[in-house]
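Asks: predicted model follows, preceded by the sequence.
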Amino acid sequence: MGPSGVDSRLSVGRSLIGCLAVAALLAGTSKAESPLLEVDAMTFVASRESSNEIVLRAVHARFDTEDERVYMEDVQARVEPSGHAGYFDIRCDTAELDLETNDLEARGNVRGQTDGGREFSAAWVKYDDEAGLLFTNARVLISEDAITYRGGGFQYFVRERRFRLLGGASVVQEP
């Protein structure tokens, strides 16, 4: 990654720091000595020139200014199409965003959908922004075209719109 990618990440991080600081001050929840900023009803958008846009909404978020991470509760996340790339949506109980890399880890009752309508549920998933890869090695249920599959994880290559079910996939038969 070249210097412009680093500059873009720093710009996104600085923008979020500024937005969170203003929101926390307006809400009266920030203490000058605290490295944590608490925000209710947070919306965050990250976009870079050649990368997918990430839109996050959380009922509650804590921004740690020391490790540049955002810890969120009751989360909706969407990686939007960028050029020819695919997309995915996620809902989960908690999530953690690394502001340096835009990597996202979603945990607890994770439900999601990829472009093309494939739905998934798992205990956790991670999104590696640089690789354009959404993945888990936890047990997963995948629903596609009225068929449900069970597997030991999946990999979704967002830019290629390619999905791979892992770990002994089987078809779930409903009575």
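Replies: Arrived safely, thanks for sending. From a predicted model like this one, the values you see are computed outputs, not experimental measurements.
Asks: which residues in this structure form strands?
Replies: Using DSSP state E, the strands of the chain run over residues 36-46, 53-64, 69-80, 88-98, 104-114, 119-128, 133-136, 140-144, 147-151, 153-157, 162-166, 170-172.
Asks: dump those strands into TSV; add mean pLDDT and mean neighbour count as well.
Replies: All C-beta spots, glycine's among them, are computed from the backbone N, C-alpha and C. Shown next, in TSV, are the strands of the chain (pLDDT from 0 to 100; neighbours: other CB atoms under 10 Å):
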stretch	mean pLDDT	mean neighbour count
strand 36-46	90	18
strand 53-64	93	19
strand 69-80	93	20
strand 88-98	96	20
strand 104-114	96	19
strand 119-128	96	19
strand 133-136	94	20
strand 140-144	92	17
strand 147-151	90	15
strand 153-157	93	19
strand 162-166	89	15
strand 170-172	80	10
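Asks: how about Gly153, what does it touch?
Replies: 122, 135-140, 165-167 (CB atoms under 8 Å, 6 or more residues apart in numbering).
Asks: now the residue lying closest to Arg118 once chain neighbours are set aside: how far from Arg107?
Replies: Leaving out its chain neighbours, the residue that sits closest to Arg118 by CB to CB, 6 or more residues apart in numbering is Glu144, at 4.6 Å. To Arg107, Glu144 is 24 Å away according to CB to CB, to the nearest Å.
Asks: now Phe88
Replies: Distance from Phe88 to Arg107, by CB to CB: 16 Å.
Asks: go on, Tyr71?
Replies: From Tyr71 to Arg107 the distance is 11 Å (CB to CB).
Asks: contacts only, for Arg62.
Replies: 36-39, 70-72.
Asks: find the centremost residue of this structure, please.
Replies: Central residue of the chain (CA atoms, centre = their mean): Leu104, 4.1 Å from the mean position.
Asks: nearest residue to that one in space, please, no chain neighbours.
Replies: Tyr127 (4.3 Å).
Asks: and the contacts of Gly153, which two are the farthest apart?
Replies: The span of these, defined through CB to CB, is set by Phe135 and Arg139 at 13.6 Å.
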